[in-house]
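Trainee: fold the following, please.
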Amino acid sequence: MSDKPIHQDLSAQVLDRMFRQDGFSQWMGMEILEISEGHCVLRMTVRKEMLNGFDVAHGGITYSLADSAFAFACNSYNHLSLSVETSISHSRAVREGDILTAKADLITQTKKIGNFQVIVLNQHHEIVAVFKGICYRTDKKVVE
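Mentor: From the prediction side, this is the model:
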């Protein structure tokens, strides 16, 4: 992948920079569907090596997808942002071959704190998890 931004708007440039260096999200097979200020949508397919001993996706898989969408949405304003608190509630089992979509959205924001919610849906548009995250916004830029 080239070092030049694929997209022209700042949110997309931030995402390009972050995703290029995010080997874990790439390993998970995450696909970027949307990015804008305070918003990110990612999609991935659950693979066999992501299952636990009961042939259900490990909770960390859904958490990781939501956490990546949260991170990209937090940083979309081009202020380096760090997670300070997160939680997830799982509401439906996830199985091999399921296609998950994580939709991260800003709920409230101050100069230093951002509060986000990420809804994770399966291919049937059923909610499988709800993630809540709070980030701390620094004055540092992600992209100069």
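Trainee: low-confidence ranges, this protein, go.
Mentor: Applying pLDDT under 70 to the chain picks out residues 1-8.
Trainee: what ranges do the helices span in it?
Mentor: Using DSSP state H, the helices of the chain run over 10-20, 23-28, 59-75.
Trainee: tell me which of those is the most buried.
Mentor: helix 59-75 (a mean of 24; mean count of other Cβ atoms under 10 Å). C-beta: built from backbone N, CA, C; applies to glycine.
Trainee: what's that helix packed up against?
Mentor: helix 10-20, helix 23-28, strand 31-36, strand 39-45, strand 81-90, strand 99-109, strand 113-121, strand 127-137 (3 or more Cβ pairs under 8 Å, 6 or more residues apart in numbering; DSSP states H and E).
Trainee: burial of Gly38, as a residue count?
Mentor: Using other Cβ atoms under 10 Å, Gly38 is surrounded by 16 other residues.
Trainee: count of residues packed around the closest residue to it other than its chain neighbours?
Mentor: In space, and not counting its chain neighbours, Gly38 is closest to Leu106: 3.2 Å by Cβ to Cβ, 6 or more residues apart in numbering. Residue neighbour count, defined by other Cβ under 10 Å, stands at 18 for Leu106.
Trainee: so Leu106 sits against Cys40, correct?
Mentor: No: with contact defined as Cβ atoms under 8 Å, Leu106 does not reach Cys40; the gap is 10.0 Å.
Trainee: show me the beta-bridge partners of the nearest residue to Gln123 once chain neighbours are set aside.
Mentor: Closest residue to Gln123 apart from its sequence neighbours, by Cβ to Cβ, 6+ apart: Ile99 at 4.1 Å. Beta bridges link Ile99 to Thr45, judged by DSSP bridges.
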